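*Asks:* Sequence plus predicted model, see below.
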Amino acid sequence: MTPKRGFIHTVVLVEYYPMARRATVYSLKVFLYFLILMIIFSYNVTASDNDFTISDSNTWSIEYLDGSTLEKTGNNSASDGDFVDLKIQVFNSNLSSDNSSWSFSFGYGGQWYGGHSGILNGASSATDVVISFGPVSEGYILCKLQVDNTQEIEILEIRVGPNPVNFSSAGSEEIVIIGQPVHVGDELTASILVHNKGSNSDSVRLELTKDDGTTLVNGDFIVISPGSSREVSANFIPLLSGSLVIDWRVSSLNGGVDISLNGSSNIEVRESQDINVELDEITWTFQDGINLDVSIYLSSGLNRSVDLEVLMKSGNEYTEYQTFPLQINPGIRNINLKLGHPDASRLKVIVSPNDWLPLNGDGEVIIELIPPLVIPSIIISEASPSPISVGESFSIEYTLENTGASETPPGLLRIVDVAQPPLVFTEISIPSISSGGTYSDLVEFSSWEYSQTTNIEFIWTMGDISVSNQTSVLVESGTSTSFSLPFSIYAAVYGALSGLAIVMTCLVIYRVISQRTPSTESTLFRSNFLNRAPSNNNSESKKEVSCPSCSQRLHIPIDHLGSVKCPACSMQFAQNNLIQSETTDKEEMDESEDEVIVSELEASSLTDLLACPQCEQTLRVALDKRPVRSRCPACRVEFIAKIG
């Protein structure tokens, strides 16, 4: 016999021997009676093992007694030092079963403590198991009730809070998860408001664990003053999609945290969003440069911040060309980029996330660059009519071709004289010419004035690209009746005008310098004026003349034969070489000299302002420059300004 799950299985070995039929029937009856007895016995054994059932731990009656008074506290949780009363119902499904026994134990931190046991009445349908134990300490207690010699076990966990309670919830007793809906790689913040109702400042932190008991994150300790409330939080990043169960609790190194500051929270974490970049169109023309259109695809979810970076490859390395941030929504975002004319053979566009985790990394696309190729040429037809006569009109037809792979930029066609490059006959604006296209037109020349055969050049310019071609205009010999100069008439006119301007400028400068009033600010003039006295030597070396304009008496050197300029009226005149008699005595010379001095006008004042001695116009002459020769701007008279 082998017991299994409360049943006894019986194995019977039967050997066959030839016997009489009567003996065989008798043996079968005996075997049948024996089998019935074994089934009954097996049923009794099974009932004794499975008749008693312990009620679910959620239905246990729990009361907490104050550790000092042993009176019921009426609280829904235990505090440090309390006693615990348990009332547990054990049900019996077989009233004919034998009595059994129960045992109770409680544990702290993996250690179990027992000593409680009792009898279960097999004739009673229910038995109340009453247990009392304590005092209990702050923490978690496991209470276990077991029916002896069976597998019937029920365990209850009791959270014992601090005594006294210093920290409690200041609002909701559940944490708030900030940042939802959340994708893999996004940061979440778990937060709860905690109040300190104790008498001392202390610090607490929020601890998060997974449902398997592993630590998810421990927040920073937050100091809370007595009577104050502060937010206690912890940041974490889920790395797997699906349902995430978080167990949380508020802890303090010194205890005193209300047992309500713990619980569980369920978060649904979505798959990471994916980001892709695709090329829509790229064109590279001489006129606009590179015109790039790309599409950025963001899978469903949140709006995201990304950085778009354009790299150019020149040689073996990529270099940064452009970088700018973007805010994109789920879906497709079209981006147009104008990149000019880079010196590169390859282009890479990278879209990278900004503080979030994409499903397949950065989105990027690599593009091979083909610079625009333009092969321009000019085809010139012969002048019509040809040859021509002087004064006759004619035209020249031309065709512009582009055999390159790209469109030409708009340009300018200049028709110039080869012998005289500055001479431009005309300028024509040329539109863009597509790859393999042509542009034809003709140039009209009216009243041709050159008698010789002239070489004309057509120059087609498109930015940095230029191409040219030449043709000749044939003129019939003997058709010119006008005189032909061996030089350009335009150059001769420009040269004559320039020479005339230079001559006029020189004359004006000479006139200004020659008529300038002599300066009286020099030290030599002041010294001669202040220390002027009759001198026999000066008298003997000078002669006296009269100005024909203002009759001013002037002294000039005896041997002077040129022009004389009057300092009073600025009149220039030629003096006759009349030599006064050298026999004039010294007194007559002194007299005439005094007359000259007296004839000079003078004006004096004690301030910078003084009056003109002739027209009484108020003038300003600085005192520190006196004595000085001055000229009245009103009447043009010159006088000596003195201090006095």
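*Replies:* Perfect, thanks for sending it.
*Asks:* And the pLDDT at Thr517?
*Replies:* Looking at Thr517, its pLDDT is 50.
*Asks:* again, but for the one 5 residues further on
*Replies:* Each residue has a pLDDT score; the one for Ser522 is 51.
*Asks:* can you check Thr2 too?
*Replies:* 32.
*Asks:* Let me know how buried Asp355 is, in neighbour terms.
*Replies:* Asp355 is flanked by 9 other residues according to other Cβ atoms under 10 Å. The C-beta positions use only the backbone N, C-alpha and C, and glycine is treated the same way.
*Asks:* same deal with the one 3 residues further on?
*Replies:* Burial of Pro358, expressed as a neighbour count using other Cβ under 10 Å, amounts to 22.
*Asks:* helix, strand or coil for it?
*Replies:* coil (DSSP: H, G, I helix; E, B strand; the rest coil).
*Asks:* quick one, what contacts it?
*Replies:* Pro358 makes contact with 185, 272-275 under the criterion Cβ atoms under 8 Å, 6 or more residues apart in numbering.
*Asks:* Secondary structure, pLDDT and neighbour count for those - can I get that in CSV?
*Replies:* Shown next, in CSV, are those (DSSP: H, G, I helix; E, B strand; the rest coil; pLDDT from 0 to 100; neighbours: other Cβ atoms under 10 Å):
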residue, secondary structure, pLDDT, neighbour count
Gly185, coil, 91, 17
Ser272, coil, 93, 20
Gln273, coil, 94, 21
Asp274, coil, 95, 15
Ile275, strand, 95, 23
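*Asks:* between these, which is nearest Cys566?
*Replies:* Nearest to Cys566 among those, counting by Cβ to Cβ, is Ile275 at 98.7 Å.
*Asks:* just checking, that closest one touches Asp307?
*Replies:* No - counting by Cβ atoms under 8 Å, Ile275 stays clear of Asp307, with 11.3 Å between them.
*Asks:* any shared contact partners between these two?
*Replies:* Counting by Cβ under 8 Å, 6+ apart, the residues touching both Ile275 and Asp307 are Val351.
*Asks:* Report pLDDT for the closest residue to Glu392 other than its chain neighbours.
*Replies:* Distance criterion Cβ to Cβ, 6 or more residues apart in numbering; nearest residue to Glu392, sequence neighbours excluded, is Trp448 at 5.8 Å. On pLDDT, Trp448 comes in at 87.
*Asks:* Likewise for Ser429?
*Replies:* 93.
*Asks:* ok, it - contacts?
*Replies:* 410-413.
*Asks:* What helix or strand is it located in?
*Replies:* Following DSSP states H and E, one finds Ser429 within strand 424-430.
*Asks:* what pairs with that strand, and is each one parallel or antiparallel?
*Replies:* Partners of strand 424-430 in the sheet, by DSSP bridges, are strand 411-417 (antiparallel).
*Asks:* Now do the buried residues in the partner strand.
*Replies:* Buried residues in strand 411-417, counting neighbours by 16 or more other Cβ atoms under 10 Å, are found at 411, 413-417.
*Asks:* same thing with stretch 236-250?
*Replies:* If you call a residue buried by 16+ other Cβ under 10 Å, then stretch 236-250 has these buried ones: 236, 238, 244, 246-250.
*Asks:* Widest-spaced pair of the contacts of Ser429?
*Replies:* Pro410 and Leu413 (11.0 Å).
*Asks:* per-residue pLDDT, the spatially closest residue to Ser314 that is not a sequence neighbour?
*Replies:* Excluding its sequence neighbours, the residue lying closest to Ser314 (Cβ to Cβ, 6+ apart) is Ala344, at 4.8 Å. You'll see Ala344 listed with a pLDDT of 92.
*Asks:* 47 is where my numbering starts, stick with that
*Replies:* Let's use 47 as the start, then, which means that last one is Ala390.
*Asks:* check contacts around Ala390.
*Replies:* 358-360, 367, 415.
*Asks:* can you pick the most crowded of these?
*Replies:* Most surrounded of the contacts of Ala390: other Cβ under 10 Å gives Met358, at 20 neighbours.
*Asks:* Okay, strands next: where are they in the stretch 497-646 of the chain?
*Replies:* 500-508, 511-519, 588-592, 599-603, 609-611, 618-620 (DSSP state E, counting those that start in this stretch).
*Asks:* Pick the most buried one from those strands.
*Replies:* Of all the strands of the stretch 497-646 of the chain, strand 500-508 has the most neighbours on average by mean count of other Cβ atoms under 10 Å, namely a mean of 18.
*Asks:* Need the contact partners of stretch 213-227.
*Replies:* 232-244, 248, 250, 252, 270, 275, 294, 296, 298, 302-304, 306-307, 309, 311, 313-314, 316, 347-348.
*Asks:* what stretches of the chain score poorly on pLDDT?
*Replies:* 47-95, 467-468, 524-534, 560-586, 621-645 (pLDDT under 70).
*Asks:* domain parsing for it?
*Replies:* Split into domains by automatic domain parsing, the chain comes to 48-96, 98-207, 213-316, 321-414, 422-519, 569-689.
*Asks:* got TSV for the ones you listed, with distance to Val558 too?
*Replies:* As requested, the domains of the chain are exported to TSV (distance: least, Cβ to Cβ, whole Å):
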stretch	distance to Val558
domain 48-96	137
domain 98-207	111
domain 213-316	85
domain 321-414	57
domain 422-519	37
domain 569-689	13
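*Asks:* Leu553 is nearest to which of those domains?
*Replies:* Closest of those to Leu553 is domain 569-689, at 16.7 Å (criterion: Cβ to Cβ).
*Asks:* which stretches of the stretch 97-246 of the chain form strands?
*Replies:* 98-100, 107-111, 124-125, 129-138, 146-154, 157-166, 172-179, 185-193, 199-207, 213-215, 222-224, 228-229, 234-242.
*Asks:* Of those, which stretch is the most buried?
*Replies:* Most buried among these, counting by mean count of other Cβ under 10 Å: strand 124-125, with a mean of 24.
*Asks:* Please name every helix or strand in contact with that one.
*Replies:* Applying 3 or more Cβ pairs under 8 Å, 6 or more residues apart in numbering; DSSP states H and E, one finds that strand 124-125 makes contact with strand 199-207.
*Asks:* what are the pairing partners of the strand it packs on, and which direction each?
*Replies:* Strand pairing (DSSP bridges) places strand 199-207 next to strand 124-125 (parallel), strand 185-193 (antiparallel).
*Asks:* Around the residue lying closest to Ile511 once chain neighbours are set aside, how many other residues sit close by?
*Replies:* Closest residue to Ile511 apart from its sequence neighbours, by Cβ to Cβ, 6+ apart: Val420 at 6.1 Å. When neighbours are defined as other Cβ under 10 Å, Val420 has 20 of them.
*Asks:* and Val420, what is it in contact with?
*Replies:* Taking Cβ under 8 Å, 6+ apart as the test, what Val420 contacts is 332, 448, 450, 452-454, 508, 511.
*Asks:* Doesn't it lie inside a helix?
*Replies:* No - the assignment for Val420, made by three-state DSSP, is coil rather than a helix.
*Asks:* For it, give its distance to Ala657.
*Replies:* When distance is defined by Cβ to Cβ, to the nearest Å, Val420 is 83 Å away from Ala657.
*Asks:* re the thing from before, go through the strands of the stretch 97-246 of the chain and name the closest to Tyr343.
*Replies:* strand 228-229 (15.9 Å).
*Asks:* what lines up beside the closest one in the sheet?
*Replies:* strand 308-316 (parallel).
*Asks:* which parts of the strand it pairs with are buried?
*Replies:* Result for strand 308-316 [16+ other Cβ under 10 Å]: buried residues 308, 313, 315-316.
*Asks:* quick one: which of the residues you listed is nearest Glu646?
*Replies:* Once Cβ to Cβ is applied, the member of the buried residues of strand 308-316 that ends up nearest Glu646 is Arg316, at 110.8 Å.
*Asks:* measure the residue sitting nearest the centre point of the chain to Val250 for me?
*Replies:* Centroid-nearest residue in the chain, with Cα atoms, centre = their mean: Phe370, separated by 6.2 Å. Distance, Phe370 to Val250, using Cβ to Cβ: 44 Å.
*Asks:* The stretch 397-546 of the chain: helices as residue ranges?
*Replies:* Here the stretch 397-546 of the chain has its helices, by DSSP state H, counting those that start in this stretch, at 535-560.
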